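Asker: This is a predicted model, with the sequence first.
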Amino acid sequence: MTGEFTYNGGSVDPGETVNVRFTVSETYLGDPVRIPVTIINGEREGPTLCLSAAAHGDELNGIEIVREVAHEWDHSTLRGTLVCLPVLNVPGFIAQQRYLPIYDRDLNRSFPGSSDGTSARRIADRVFRNFIEPCDLGLDFHTSTRGRSNMLHVRANMADPAVARVANAFASNVIIDGEGPDGSLRREASAVDTPTVTVELGEAHRFQRPLIDAALEGVLSVMAEFGMLDAEPVKWPGWRTVIEGSDEKTWLRADAGGLVDMHHDRGSLVEAGETVCTISNPFKTDVTGIEAPFTGLLIGTPQNPLVYPGNPLCHLVALEGATLRAYRQVHDGTVE
């Protein structure tokens, strides 16, 4: 970006940092609904990076990532501009729920929005036009839904070279390839030449410090890749898998109702045929084992041990060949 960053209601000159409460809607009483925005415009030219979080109001890990970048990092040598949106869904954040409380609409299925659409689409429109579309690239932070937890990974449209560059620069071990759902921030931003990826980490309703710290390293890596920092090297995670087809990932589902006993943690490697978890009734007289259909990583696991038949239990992605050998070498020093 060259020069000032402008939005509806203000501008930020090079070398300036501004904290804004930007109006995106109104309450039933006609009072403004405002989202917090921090814009850091570096003194030197460079790209504009958008960091966004809490499009789902109960997903908190990303909030702390964006806040730390905005308010704890030294930006004196920054090239370009940071647009930091720690809480996109303020009504959901206040209610501590995933969706907008008004008709339970999903803000992350409402982009790019519309100035005369539903309440969710109007909020999305205000955010998108002012703070997302003007950027050169974006990182959108999410967690799993309530009662589940995700391993740190990236979701990105790897068929788009600009998006793939962002995804690879974040340097996570796992990238799930795909355009993303219609109306999602990353899909709609990428469609208007703001290549954006989703970063998934952890679970709702909490801060998880190790995952937050790992994601902050990813932000540094992206900023280094795009020339926004002087000396930070692009980080390589040691091994990586890009999950491209449906045969490389699956949801393990409950075959019985009951209580789940997990045999492996989030991020664990499980072998084909290995029991991932068991489900039992209150008397432990009827036990059902859930086996891994192929060797892979558990990128999503349950936090709530209560299930009905058919409930999703674990999200498993395949590891094989050179990637599996690299994983084993990094984690236990062995090579097949």
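Answerer: All right, it came through fine. Residues are numbered from 1 along each chain as shown.
Asker: what does the domain assignment say about this protein?
Answerer: Domains of the chain are assigned by automatic domain parsing as 5-225, 245-332.
Asker: Name the nearest residue to residue 256, sequence neighbours excluded.
Answerer: residue 288 (4.4 Å; CB to CB, 6 or more residues apart in numbering). Glycine gets a C-beta too; all of them are placed from N, C-alpha and C.
Asker: next one: phi and psi at residue 325?
Answerer: phi -60, psi -40 (degrees, to the nearest 10).
Asker: Run a quick neighbour tally on it.
Answerer: Close neighbours of residue 325, defined as other CB atoms under 10 Å, add up to 15.
Asker: quick one on the thing from earlier: which one of the domains of the chain is the most hemmed in?
Answerer: domain 5-225 (a mean of 20; mean count of other CB atoms under 10 Å).
Asker: mind listing what the residue lying closest to residue 308 once chain neighbours are set aside touches?
Answerer: Nearest non-adjacent residue to residue 308, counting by CB to CB, 6+ apart: residue 257, 5.0 Å away. Listed by CB atoms under 8 Å, 6 or more residues apart in numbering, the contact set of residue 257 reads 279, 307, 308, 309.
Asker: Bridged to the second one, which residues?
Answerer: This means residue 307. residue 258 (DSSP bridges).
Asker: Roughly how far does it sit from residue 261?
Answerer: 11 Å (CB to CB, to the nearest Å).
Asker: Could you pull out the residues contacting both of the two?
Answerer: residue 279.
Asker: Kindly list the main-chain dihedrals of the closest residue to residue 155 other than its chain neighbours?
Answerer: For residue 155, ignoring the flanking residues on the chain, the nearest one in space by CB to CB, 6+ apart is residue 198 at 4.2 Å. Recorded main-chain torsions at residue 198 are phi -100, psi 130, according to degrees, to the nearest 10.
Asker: Quick one, grab the pLDDT at residue 198.
Answerer: pLDDT recorded at residue 198 is 98.
Asker: ok, now residue 331?
Answerer: For residue 331, pLDDT reads 84.
Asker: quick one on the thing from earlier: reformat the contacts of residue 257 as TSV; add distance to residue 323 and pLDDT.
Answerer: Below are the contacts of residue 257 laid out as TSV (distance: CB to CB, whole Å; pLDDT from 0 to 100):
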residue	distance to residue 323	pLDDT
279	30	97
307	31	96
308	34	96
309	33	96
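Asker: Could you work out the most separated pair of these?
Answerer: 279 and 308 (10.4 Å; CB to CB).
Asker: Mutual contacts of these two, please.
Answerer: By CB under 8 Å, 6+ apart, the residues touching both residue 279 and residue 308 are 254, 257.
Asker: from memory residue 40 sits against residue 70, does it?
Answerer: Yes. With contact defined as CB atoms under 8 Å, residue 40 counts as touching residue 70 (6.7 Å).
Asker: shared neighbours of those two, anything?
Answerer: 82, 84.
Asker: Against residue 105, how distant is the spatially closest residue to residue 203 that is not a sequence neighbour?
Answerer: In space, and not counting its chain neighbours, residue 203 is closest to residue 149: 3.9 Å by CB to CB, 6+ apart. Here residue 149 is placed at a distance of 25 Å from residue 105 (CB to CB).
Asker: cool, residue 118 as well?
Answerer: From residue 118 to residue 105 the distance is 6 Å (CB to CB).
Asker: cool, residue 56 as well?
Answerer: 11 Å.
Asker: can you check residue 223 too?
Answerer: On the measure of CB to CB, residue 223 and residue 105 end up 33 Å apart.
Asker: Could you export the worst-scoring helix or strand of the chain on mean pLDDT as CSV, CA atoms only?
Answerer: Least confident helix or strand of the chain, by mean pLDDT, DSSP states H and E, is helix 321-332 with a mean of 89. Presented in CSV, the C-alpha positions along helix 321-332 are these (Å, rounded to 0.1, in the frame of the first residue of the first chain):
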residue,chain,number,x,y,z
GLY,A,321,4.7,-41.9,1.8
ALA,A,322,7.4,-39.2,2.2
THR,A,323,5.1,-37.0,4.4
LEU,A,324,4.6,-39.9,6.8
ARG,A,325,8.3,-40.6,7.0
ALA,A,326,9.0,-36.9,7.6
TYR,A,327,6.4,-36.8,10.3
ARG,A,328,7.9,-39.8,12.1
GLN,A,329,11.4,-38.4,11.8
VAL,A,330,10.4,-35.1,13.3
HIS,A,331,8.3,-36.6,16.1
ASP,A,332,10.3,-39.6,17.2
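Asker: Touching, residue 270 and residue 298? I think so.
Answerer: Yes. The pair residue 270 / residue 298 is scored as a contact, 6.3 Å apart, by CB under 8 Å.
Asker: any shared contact partners between the two?
Answerer: Joint contacts of residue 270 and residue 298 (CB under 8 Å, 6+ apart) are 264, 276, 316.
Asker: Out of those residues, name the ones that lie in strands.
Answerer: Using DSSP state E, the members of these that fall in strands are 276, 316.
Asker: how about residue 251, secondary structure?
Answerer: strand (DSSP: H, G, I helix; E, B strand; the rest coil).
Asker: now residue 229
Answerer: On the basis of three-state DSSP, residue 229 is classed as coil.
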